[in-house]
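Enquirer: what shape does this take:
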Amino acid sequence: MKMHKLRRLMSVPLTQIILFAALMTALQLLSMAGLIPNSFTYAIGSTLIYAIVAIGFCLLLGYSGLASLGTAGFIGVGAYAAYYVMESFGMPYIAALAVTLAISVAIGVAVGFISLRVEGLYLAILTLGLSEILRNLLMAVQATIKIDISNARLFGVQLNDSGAYMLVLVTFSLLVWLTSNLIDSPTGRAMLAMKNSTSAAQAMGVSLMKHRLLAFVISTVFAAIGGLLYMMYVRVMTTSVSTLLTMTTSLNILGAVIIGGAKSLWGTTLGAFIVYGIQSMFLSKIPFFQKNPAFITMLTGLLIVVVVMFFPGGLTQFLSGIKAKLQRSFRKVREDIYGKDLG
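Expert: This next block holds a predicted model:
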């Protein structure tokens, strides 16, 4: 009975989020104590930022069935909008967040309306074009726009590296909790119905306009928040040399969702750690990959091919299969020992 209650408790999203946040906090404390390298926890923080963006994309692709390759441009909008609000106008973090949310909602609504007329591959190409427009617009304003925040402050308090890490972690935890609640709500079920069959969803009374707009708004907002957090966390970035705003970022986010599982928030987080975390935490420190960074991209591409061919549901499907096999084996052992009635 106790094991059953424990399993039920562990299946609650809020419990999972709390445990994950506790683990990430413990790693930061170990880093502050000098027991693990600061570069390791720094890589975790930056990966969590990409995970936030990937979760928004997961809701768009995995639960709404809408394709987008404009993620990088939306990240850039969040980063630079927040930067100018905080640095040029001297406004606080809350104001920067509000401006970022307002701009991203407007862009999400615009793209959502477009998605009512364009679908599938054409929608992905259209959002890719929009992303390139946004990136080139930023570069046209000033070819070497540079984000350089050396005195980042949050609620009037100087934000050091540990504070920025905790800001990212708290934001990630809050957004995962909100997204999980949305997925389990009637709105989430309506999005899933829309993905499976638009005609059937409409027959059941699902408004395609409402839910497509909502899906794009949420995805764009998450990407913009990721850009804001990237600006607060990394603090130094130049448009002309940074790869954050290029198509590579959009494709990597797509790869993270595919690898982890497009219908699992934790699977998407795992995908983000595979695409971004393993590279920055481990592979970048190996001399071979330092001299041949292209091999890291090749490994990611190979993993995507393997997952798509053998595990269309992502690594979540693979791990679920292993879990089911272990449970069957354990049940069989119990039945052999105690008999079926007692097992």
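Enquirer: only C-alpha atoms for contact and neighbour calcs from this point on.
Expert: Will do.
Enquirer: burial check on Ala294, number of neighbours?
Expert: Look at Ala294: counted by other CA atoms under 10 Å, it has 10 neighbours.
Enquirer: got a pLDDT number for Ser199?
Expert: Note on Ser199: pLDDT of 83.
Enquirer: meant to ask about Met3
Expert: So, for Met3, pLDDT stands at 61.
Enquirer: got it, and the one 4 residues further on?
Expert: According to the predicted model, the pLDDT of Arg7 comes to 70.
Enquirer: Three-state assignment for it, please.
Expert: What DSSP: H, G, I helix; E, B strand; the rest coil gives for Arg7 is helix.
Enquirer: can you give me the end-to-end distance of stretch 112-129?
Expert: 15 Å (CA to CA, to the nearest Å).
Enquirer: and it, which residues are buried?
Expert: Neighbour counts over stretch 112-129 (16 or more other CA atoms under 10 Å) mark 112, 114-115, 123-128 as buried.
Enquirer: show me where pLDDT drops low in this protein?
Expert: Applying pLDDT under 70 to the chain flags the ranges 1-4, 6, 141-153, 155-156, 237-242, 339-343.
Enquirer: format the buried residues of stretch 112-129 as CSV; extra columns: distance to Leu251 and secondary structure.
Expert: As requested, the buried residues of stretch 112-129 are exported to CSV (distance: CA to CA, whole Å; DSSP: H, G, I helix; E, B strand; the rest coil):
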residue, distance to Leu251, secondary structure
Gly112, 20, helix
Ile114, 21, helix
Ser115, 20, helix
Leu123, 15, helix
Ala124, 11, helix
Ile125, 12, helix
Leu126, 15, helix
Thr127, 12, helix
Leu128, 10, helix
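Enquirer: quote the end-to-end distance of stretch 198-214.
Expert: 16 Å.
Enquirer: one more: stretch 279-292?
Expert: End-to-end distance for stretch 279-292, by CA to CA: 12 Å.
Enquirer: pull the residues that contact that stretch.
Expert: Under the contact criterion CA atoms under 8 Å, 6 or more residues apart in numbering, stretch 279-292 has outside partners 39-40, 43-44, 295-296.
Enquirer: now a PyMOL select for only the buried ones of those residues.
Expert: To isolate the buried ones among the contacts of stretch 279-292 in PyMOL, judged by 16+ other CA under 10 Å, type:
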select buried, resi 40+43+44+296
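Enquirer: now the lengthiest helix in the chain: buried residues?
Expert: Ranked by residue count under DSSP state H, the longest helix found in the chain is helix 208-234. Buried residues in helix 208-234, counted by 16+ other CA under 10 Å: 208, 211-234.
Enquirer: tell me where the stretch 51-200 of the chain has helices.
Expert: Counting by DSSP state H, counting those that start in this stretch, the stretch 51-200 of the chain has helices at residues 71-83, 93-115, 120-141, 161-183, 186-196, 198-203.
Enquirer: how far does the shortest one sit from its chain's centre?
Expert: Per CA atoms, centre = their mean, to the nearest Å, the displacement of helix 198-203 from the mean C-alpha position of its chain is 29 Å.
Enquirer: perfect, I'm done here.
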